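**Q** I need the structure of the sequence given here:
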Amino acid sequence: MNRIQKTLLGLATVLAFWGCKKQLTESEEGTKLTKPAIEFSTAQGGRLSTASRGVLEMQLANKNGRTAATIVSNPYPINQVGQVAAPVVNGNATVARTVAMANANAYVGYRRKNGDFAGAIDIINVSNPAVPTLVQTAAFTHTDIHVVKLSGTRLYFGGATNISEDRTLTSSGVFGYLELDANGRFTGVSQTFSLPVDIIYDIDFHTDRAFAVGGRSQFTGNTNSAFFEFNITLNRVTVTLGAGNNFFDLRSVAVKKTGYPYMSIYSGFDGIHKYDAIQLNSQAFFPQTKDSLEFNGRGMVYLGENLLVAAGKYGMRYLDGNTYTQLDRIQIPQNLLNVNYNDIASFDVSVSTAGNYIFGAMGAAGVYVSQLQGNDLQLLGSYVFDNEVAYSIEGNATNMVVATSAGVKILEFTVTPQTNSICTGLPIYNGGIDYVLTNGATQGFGGNVGHQTMHIGGTYTHCGNVSVSKNFTITQGRSMTLRGNLFQGFTNSSSHFSIERGAVLTVSGNLTIYGDLMLEGEINFNGASSTLTVLGTVFRGPFSAITGNIANIAGNITPAASFNTQISLVATAPNIPNTAQGVFVHPNGVHMPTGSQMQFTAVFPRNINYMDTVDVSENGIYKFSIHYPHEYRNEAWRYTKSNGVPHTAAFPARPVPMPANPSSTEFFRSFRHSINVPL
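**A** Residues are numbered from 1 along each chain as shown. The predicted structure is shown next:
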């Protein structure tokens, strides 16, 4: 860990309201902290984990607040690619509460979870959207961080510090910045100001000025709230709004970036105040319903001329930027079970740079994804993180970073798909969550889509990105052609990605499988920059093939078939089967030598309703039985005989030819076979 960089309390000229009774009209020189406040480090202690990765399932949600735990297909597939545990600072646990993003870096601010004041700011690099890295941390040993915002080469922060660590301070509110280098990393240079409020909750910018709003915390009886202006050029707090503006419970500030720079200041007590961001004079006041959930910051952002507001218990509100009349609203759910009432609220809102998608951090209700159609917020659905509360969210063109009660979730969007002539005229998919193509049919769709399962039993074409949270199967002799990227599964899950014998998957894009790949058929890559990534186990059959142009292969991908599954031939009790991948072994009390195993090539989970059996004897003495699904017929298996010599055989095929058009009874008929192995 680097030596501690002492933050300085700079010169502050403050004009503010304190409980609307005390107006600070004189310049006041801030008092320097008596103890070092910031520790910079690049040692992360394994806080970033990629063990839990994969396709997230979108849940049904609607705008009037009622929800159901129902998975739906969606046009905005999202994958979780990493998570970061909140740091422990000076022995105190912290919780992530604020996120800012610029270029390839996400900046996450933490405040104390309980106990003494403690905070931190992480820098998470997402230049490779699928492989995030935690590159640097600034730990604030006696300060909670409630907001981080970027402007130029500085990361601005606001929060609260422990005044018992410096008796010269009379208020805990702090505002400051950290200098960044050309790569967006901390340089070690910082500046901090003490401000006469309990907490600084939000910051926004116009040209060379930063605006900050502050209010009270649950730890004091103060009612002070204030609005501050920081002159970036002069490097000092110089002005606040003039007399007659009675502010209480300030939560958020937003400056309009298009047209004339009006500014909105959100008060949980009485509504939204509109100001001229240049002259700092009042333009209007719009009373709104009081935000009853106190002591929490709120996200607010202009979307063109209009305003999106995370309004706590009143959900996400979309307001006309001139009249502040409500254009639309997404309410919070009312029927979530086993959830703290105060954890269900609209905490933050963000707009994706990849389009007109809007993300809302809705507390225990998770992340809401909406798309703006005219003045209507079209709610697509929600992503819920089990037992976690989503507090803040920020996204760029490829990633979304969510600050939750359990740390930080790092999510990846699917990128714009490739297109060509085969994509012309393909419709958008608007069906159910499980896609099934049967009976050799031909079908195709365009656009991004997220499914729970896909079963291809015909000829399928897709132009766009596809995510499948659970099982993906192309059946024997069938095919799928994809121009785009395909993501499937979740690490450590039971789902599978299966391409059966004679089936072909042709991909012009990237294929990422978070679970196991069970390959009997062929994967053909038709593009110079394609990648194949398998995070689980790869099972390959004897007729499998991976062909075409692949820029990169990651994972345990073997070049050919192998005996990849083994089952013990030793039983601890009679008639207790050992099993793997649909195959059961019954020693039936006749034990093989210690350590005896049979091995075979398993490709995908089998249908165990229709099983064949082979009884194995050695020199006429019965040893064990194998029960196997029909699909294993003619596949190789092997075991070590009682005398230690390996023996390779094949699962027996049907003893009689099948008719040209077998009935279901005949097709699924089971057979019993016997083989005698010489010693």
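
**Q** which residues in the protein form helices?
**A** Ranges of helices in the chain, per DSSP state H, are 664-667.

**Q** Next, name the residue at the spatial heart of it.
**A** In the chain, the residue lying closest to the centroid (C-alpha atoms, centre = their mean) is residue 411, at 3.2 Å.

**Q** Tell me the bridge partners for that residue.
**A** Per DSSP bridges, residues listed as beta-bridge partners of residue 411: residue 80, residue 400.

**Q** how many neighbours does the closest residue to residue 630 other than its chain neighbours have?
**A** Spatially, and ignoring its direct neighbours in sequence, residue 630 is nearest to residue 610 (5.7 Å; C-beta to C-beta, 6 or more residues apart in numbering). C-beta coordinates here come from the backbone N, C-alpha and C atoms, glycine included. Burial of residue 610 is recorded as 13 neighbouring residues (other C-beta atoms under 10 Å).

**Q** Tell me if I'm right that residue 610 and residue 629 touch.
**A** Yes: using C-beta atoms under 8 Å, residue 610 is in contact with residue 629, at 6.9 Å.

**Q** who touches residue 535 in this structure?
**A** The contact partners of residue 535, taken as C-beta atoms under 8 Å, 6 or more residues apart in numbering, are 53, 491, 513-515, 555.

**Q** Let's see that with 6 Å instead.
**A** The contact partners of residue 535, by C-beta atoms under 6 Å, 6 or more residues apart in numbering, come to 491, 514.

**Q** Just the pLDDT at it, thanks.
**A** pLDDT, residue 535: 88.

**Q** Same question for the one 3 residues further on.
**A** The per-residue pLDDT reported for residue 538 equals 81.

**Q** give me the beta-bridge partners of residue 614?
**A** With beta bridges defined as DSSP bridges, residue 614 has these partners: residue 626, residue 673.

**Q** And the residue nearest to residue 630, how far from residue 501?
**A** Per C-beta to C-beta, to the nearest Å, residue 610 is found 17 Å from residue 501.

**Q** ditto for residue 89
**A** Distance from residue 89 to residue 501, by C-beta to C-beta: 56 Å.

**Q** ok, these two, which is more surrounded?
**A** Between residue 89 and residue 501, residue 89 has the larger neighbour count (other C-beta under 10 Å), namely 22 against 18.

**Q** so the more buried one sits right up against residue 121, yeah?
**A** No: distance between residue 89 and residue 121: 10.8 Å, which falls outside the contact criterion (C-beta atoms under 6 Å).

**Q** Can you check what pLDDT the model gives the residue nearest to residue 434 when sequence neighbours are not counted?
**A** Closest residue to residue 434 apart from its sequence neighbours, by C-beta to C-beta, 6+ apart: residue 453 at 4.7 Å. pLDDT, residue 453: 95.

**Q** OK, contacts around residue 453?
**A** For residue 453, the contacting residues are 434, 470-471, by C-beta under 6 Å, 6+ apart.

**Q** Closest to residue 100 out of those residues?
**A** Nearest to residue 100, judged by C-beta to C-beta, of these is residue 470 at 34.5 Å.

**Q** Find the nearest non-adjacent residue to that closest one, please.
**A** residue 495 (4.3 Å).

**Q** gap between the one you found and residue 468?
**A** With distances taken as C-beta to C-beta, residue 495 is found 8 Å from residue 468.

**Q** re earlier: pull out the buried members of the contacts of residue 453.
**A** Neighbour-count burial (16 or more other C-beta atoms under 10 Å) applied to those gives 470-471.

**Q** Out of the contacts of residue 453, which is nearest to residue 312?
**A** Closest to residue 312, out of all of the contacts of residue 453 and judged by C-beta to C-beta, is residue 470, at 35.4 Å.

**Q** quick one, what contacts that closest one?
**A** If you count contacts by C-beta under 6 Å, 6+ apart, residue 470 has them with 452-453, 495.

**Q** Let me see the residues that make contact with stretch 431-439.
**A** So stretch 431-439 is contacted by 71-73, 443, 451-458, 460 (C-beta under 6 Å, 6+ apart).

**Q** Quick check: buried residues in it?
**A** Buried residues in stretch 431-439 (16+ other C-beta under 10 Å): 433, 435, 437.

**Q** a markdown table please, covering those residues and showing pLDDT.
**A** Below are those laid out as a markdown table (pLDDT from 0 to 100):
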| residue | pLDDT |
| --- | --- |
| 433 | 91 |
| 435 | 96 |
| 437 | 96 |
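
**Q** For the residue nearest to residue 630, give me the pLDDT.
**A** So residue 610 comes in at 70 (pLDDT).

**Q** Repeat that for residue 33.
**A** 43.

**Q** go on, the one 4 residues further on?
**A** On the pLDDT scale, residue 37 is placed at 76.

**Q** Now stretch 495-511: average pLDDT?
**A** Computed over stretch 495-511, the average pLDDT equals 92.

**Q** Buried ones in that stretch, by neighbour count?
**A** 495-501, 503-511.

**Q** before we move on, what about stretch 343-353?
**A** Burial within stretch 343-353, assessed by neighbour count using 16+ other C-beta under 10 Å, is assigned to 343-352.

**Q** Now find how far off-centre that stretch is within its chain.
**A** The chain centre lies 14 Å from the centre of stretch 343-353; the measure is C-alpha atoms, centre = their mean, to the nearest Å.

**Q** what's it in contact with?
**A** Identification of contacts with stretch 343-353 by C-beta under 6 Å, 6+ apart yields 293, 299, 301, 303, 308, 310-313, 315-316, 332, 336, 358-365, 389, 391-397.

**Q** Strands - which of the buried residues of stretch 495-511 land there?
**A** Using DSSP state E, the subset of the buried residues of stretch 495-511 located in strands is 496-499, 504-508, 511.

**Q** Going by distance to residue 614, which of those residues wins?
**A** Nearest member of those to residue 614, counting by C-beta to C-beta, is residue 498, at 24.1 Å.

**Q** where's that closest one relative to residue 435, distance?
**A** Applying C-beta to C-beta, the value for residue 498 to residue 435 is 15 Å.

**Q** go on, residue 635?
**A** Going from residue 635 to residue 435 by C-beta to C-beta gives 29 Å.

**Q** Run through the bridge partners of residue 456.
**A** Going by DSSP bridges, residue 456 forms beta bridges with residue 437, residue 474.

**Q** again, but for residue 155
**A** Bridge pairing for residue 155 - DSSP bridges - gives residue 150, residue 178.

**Q** give the contact list for residue 674.
**A** Contact analysis of residue 674 by C-beta under 6 Å, 6+ apart lists residue 615.

**Q** residues contacting residue 102?
**A** residue 150.

**Q** where does the nearest residue to residue 594 once chain neighbours are set aside land on pLDDT?
**A** Of all residues not flanking residue 594 in the chain, residue 570 sits nearest, at 6.2 Å (C-beta to C-beta, 6+ apart). Each residue has a pLDDT score; the one for residue 570 is 80.

**Q** Run a quick neighbour tally on residue 570.
**A** For residue 570, the count of nearby residues is 15 (other C-beta under 10 Å).

**Q** Please enumerate the strands of the stretch 51-200 of the chain.
**A** Applying DSSP state E, counting those that start in this stretch to the stretch 51-200 of the chain gives strands spanning 54-55, 59-61, 67-71, 78-84, 88-89, 92-102, 105-112, 119-125, 133-140, 143-151, 154-161, 173-180, 186-195, 199-206.
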